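Chemist: next one to model:
(2 chains)
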Amino acid sequence: MRRLAFVVAAAWQGFWRNPAMSVASTLTVALMLVLATFFAITNRGLQQAVALLEQKVELVLYLEDSARPTEILALKSRIEADPAVQSVAFISKEQAIERLRQATERSRDLALGELDNNPLPASLEVKLARAQEAGRLASTLRREEGLGVVSEIVDNPAVVDNLLTITRVLSIGGIAVLVMMLLVTLFVIVNTIRIAVTARRDEIEIMRLVGASDRLIRWPFILEGMLVGAFGAVLALTAIGAGAPAVADALTQFAGIVPLDFSPVFLAQLGGAVFGFALLVGAAGAGWSVRAHLTA
Amino acid sequence: MIALDDVSKCYPNGAYALRDLDLRIETGEFAFLVGSSGAGKSTLIRLLVRDELPTTGRVRVDGADVAKLKGSAVSKLRQRVGVVFQDFKLLPQRTVAENVEFALLVTGHTGRKEAEAAEHALSLVGLAHRRHHFPRELSGGEQQRTAIARALVSHPRLVIADEPTGNLDPVTSWEIIKLLVRVNELGTTLVIATHNADIVNALRRRVIHLDHGRIVRDEREGQYAA
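Modeler: Next up is the predicted model:
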């Protein structure tokens, strides 16, 4: 118990009695965490944009005017049963012409009002839960063509393929950049702590010569590393909290279609992750750095 | 207290720091280690506190074969041997009192009794009034007295001093030596490596003379030079 008190007190003293080193390490940790967090948020925006793009993939089944409502409903529920399908919406002939009317309202040269009858077919619009399965679903549904309900199926296999390629590259690329960024953060933080520990290697030597066990030497440094990590994380999160609204506004204006989600849950997760990462890296970095001087 | 049997220390570059050393220092003895720089005095001291291991031969300190000590047993040996260095080796971020108490803390004992022991050791070296100062605020002599207090606080049976007066002026040197003599008079075995001929000649104690890693002279009431 007393040793624990000593270790805690020694870590606290070590931090405050080497102010220059502590401030330098803490600021470095904070800066690196801000940078890594920025990349994490950007990556999340990117993944959301990718998901949004993939939601745009849909199939449209144009229906025969002669198709009976019961047949249409049966088809609709058959399609809904497919796990790749998120939702199926029925668009009647009237809704179709209304949409067209609204779309052409701004261009007065199209005179829809003069139409005697409605030439547009009713349709089923299929939204997909998994864009990757668009091709399979389209080919399955194509069997319905000419059976009296479905007149034509519209999918865009080439467009879907291109879109999926782009989203895959963006998704994997984003994660790769994030992982690299985390590695860089790890490297810089560990090295900063290593420099701070090396500057105090005389202290470690003296402790050894006076008969301190390796454990008694190591733990104050590990706790001190965690202290640097914790202060760095608090500093980084404060800076992010202060700067986030402005950055989020700019991002929303820049990419208005992407609904960036900064829900409290996400923010809590992010804060927790940053804090935990900083503590862990601080402790591990310090433990590893001291070890080099203990075995020397 | 100290027994070396046929001890040699050879560094990886092939240079011998110590060669075929046989040495006995009994409990309660007071011995000077003399010799020019590079004669092997510091290497011998590093072997005694197991900062290094002998290449061949056996080093026993207070009954323990130092080469056979592992892990916490090494720490335990160092806790039983008080060491005083030329460059003091005080923890710069700790006060005088904390530096002295640290030697007790590493033994796992901290409490009122230990704080009193530290206080006692500090008054023994005449530094009680400086207890809350940091080493950088002390003179060289005061730093060395702090180091001696630290070496004494755990009541070691052996105190080894490596050039304890090397960085001090003559007057301060004498104060430090008188302090160490008192330590010896209280029953602690004392080994002092030194270049200070005046002190060796004045005290007329056992003198072990090292040259090129060998003992060339060992006299009961010796002088610095033969």
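
Chemist: what helices and strands are in contact with the strand or helix carrying residue A:29?
Modeler: Counting by DSSP states H and E, the element that carries residue A:29 is helix A:19-55. For helix A:19-55, the packing partners by 3 or more C-beta pairs under 8 Å, 6 or more residues apart in numbering or on different chains; DSSP states H and E come out as strand A:123-128, helix A:157-198, helix A:214-254, helix A:264-295. Quick note: C-beta positions are derived from backbone N, CA and C, even for glycine.

Chemist: which stretch among the ones you listed comes nearest chain B?
Modeler: Relative to chain B, the nearest member of those by C-beta to the nearest C-beta is helix A:214-254, separated by 6.1 Å.

Chemist: other SSEs contacting that closest one?
Modeler: So helix A:214-254, by 3+ C-beta pairs under 8 Å, 6+ apart, packs with helix A:2-16, helix A:19-55, helix A:157-198, helix A:201-210, helix A:264-295.

Chemist: which other helices and strands contact the shortest one?
Modeler: What it means is helix A:201-210. helix A:214-254, helix A:264-295, helix B:72-80, helix B:96-105.

Chemist: what is the neighbour count of whichever residue of chain A sits closest to chain B?
Modeler: Per C-beta to the nearest C-beta, residue A:211 is where chain A lies closest to chain B, at 3.4 Å. The local packing of residue A:211 (other C-beta atoms under 10 Å in any protein chain shown) involves 26 other residues.

Chemist: middle-most residue in chain A, spatially?
Modeler: residue A:44 (2.3 Å; C-alpha atoms, centre = their mean).

Chemist: for residue A:178, see how far away it is.
Modeler: Applying C-beta to C-beta, to the nearest Å, the value for residue A:44 to residue A:178 is 9 Å.

Chemist: as CSV, the helices and strands packed on helix A:214-254 with mean pLDDT would be great.
Modeler: Putting the helices and strands packed on helix A:214-254 into CSV (pLDDT from 0 to 100) gives the following:
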stretch, mean pLDDT
helix A:2-16, 82
helix A:19-55, 87
helix A:157-198, 87
helix A:201-210, 85
helix A:264-295, 89
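
Chemist: columns distance to residue B:52 on top of the ones you listed, output as JSON lines?
Modeler: Shown next, in JSON lines, are the helices and strands packed on helix A:214-254 (distance: least, C-beta to C-beta, whole Å):
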{"stretch": "helix A:2-16", "distance to residue B:52": "27"}
{"stretch": "helix A:19-55", "distance to residue B:52": "30"}
{"stretch": "helix A:157-198", "distance to residue B:52": "22"}
{"stretch": "helix A:201-210", "distance to residue B:52": "12"}
{"stretch": "helix A:264-295", "distance to residue B:52": "14"}
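
Chemist: residue B:219 is nearest to which of these?
Modeler: helix A:201-210 (30.0 Å; C-beta to C-beta).

Chemist: residues in contact with the closest one?
Modeler: A:197, A:216-217, A:290, A:293-294, B:49, B:51, B:78-79, B:83, B:89-93, B:102-103, B:106, B:150 (C-beta atoms under 8 Å, 6 or more residues apart in numbering or on different chains).

Chemist: wait, a helix at residue B:45?
Modeler: Yes. Judged by DSSP: H, G, I helix; E, B strand; the rest coil, residue B:45 forms part of a helix.

Chemist: that one: neighbour count?
Modeler: Count around residue B:45 with other C-beta under 10 Å applied: 21.

Chemist: shouldn't it be in contact with residue B:193?
Modeler: Yes. Between residue B:45 and residue B:193 there is a contact under C-beta atoms under 8 Å: 6.2 Å.

Chemist: quick check, central residue of chain B?
Modeler: residue B:160 (1.8 Å).

Chemist: that older thread, so who does the residue of chain A closest to chain B touch?
Modeler: B:75, B:76, B:77, B:78, B:79, B:80, B:103, B:106, B:107.

Chemist: drop anything exposed from these.
Modeler: With neighbours counted by 16 or more other C-beta atoms under 10 Å in any protein chain shown, the contacts of residue A:211 contain buried members at B:75, B:77, B:78, B:79, B:80, B:103, B:106, B:107.

Chemist: check contacts around the first one.
Modeler: Residue B:75 sits next to A:211, A:212, A:213, B:106 when contact means C-beta under 8 Å, 6+ apart.

Chemist: for those, which one is nearest residue A:243?
Modeler: residue A:212 (43.9 Å).

Chemist: can you tell me how far residue B:140 is from chain A?
Modeler: Residue B:140 sits 17 Å away from chain A, going by C-beta to the nearest C-beta, to the nearest Å.

Chemist: verify the stated contact: that residue with residue B:164.
Modeler: No. Counting by C-beta under 8 Å, residue B:140 stays clear of residue B:164, with 10.9 Å between them.

Chemist: what sits up against stretch B:171-191?
Modeler: Contacts of stretch B:171-191 (C-beta under 8 Å, 6+ apart): B:1-2, B:25-31, B:33, B:45, B:48, B:82, B:84, B:124-125, B:139-141, B:144-145, B:148, B:152, B:156-161, B:164-165, B:168, B:192, B:196, B:199, B:203.

Chemist: among those residues, which ones are in strands?
Modeler: B:2, B:25, B:30, B:31, B:33, B:82, B:84, B:158, B:159, B:160, B:161, B:192 (DSSP state E).

Chemist: closest to residue A:246 among those?
Modeler: residue B:84 (60.9 Å).

Chemist: residues near the nearest residue to the closest one once chain neighbours are set aside, how many?
Modeler: Spatial nearest neighbour of residue B:84, chain neighbours left out: residue B:161 (4.0 Å); criterion: C-beta to C-beta, 6 or more residues apart in numbering or on different chains. For residue B:161, the tally of surrounding residues (other C-beta under 10 Å) stands at 27.

Chemist: from residue B:185, how far out is residue B:161?
Modeler: Taken as C-beta to C-beta, the span from residue B:161 to residue B:185 is 15 Å.

Chemist: among the contacts of stretch B:171-191, name the buried ones.
Modeler: B:1-2, B:25, B:29-31, B:33, B:45, B:48, B:82, B:84, B:124-125, B:140-141, B:144-145, B:148, B:152, B:156, B:158-161, B:164-165, B:168, B:192, B:196, B:199, B:203.

Chemist: residues touching residue 214, list them.
Modeler: Unless you meant another one, I'm taking chain A. A:294, B:71.

Chemist: my bad, chain B
Modeler: B:18, B:19, B:20, B:21, B:40.

Chemist: quick check: residues of the stretch 1-150 of chain A near chain B?
Modeler: Residues of the stretch 1-150 of chain A lying near chain B by C-beta under 8 Å from any C-beta of the partner chain: A:2, A:3, A:6, A:13, A:14, A:17, A:18.

Chemist: quick check: the last one vs residue A:205, distance?
Modeler: Distance of residue A:18 to residue A:205, computed by C-beta to C-beta: 16 Å.

Chemist: now the second one
Modeler: Distance, residue A:3 to residue A:205, by C-beta to C-beta: 21 Å.

Chemist: pLDDT score assigned to residue 111?
Modeler: Picking chain A for this. Predicted confidence (pLDDT) for residue A:111: 62.

Chemist: right idea, wrong chain: chain B
Modeler: So residue B:111 comes in at 71 (pLDDT).
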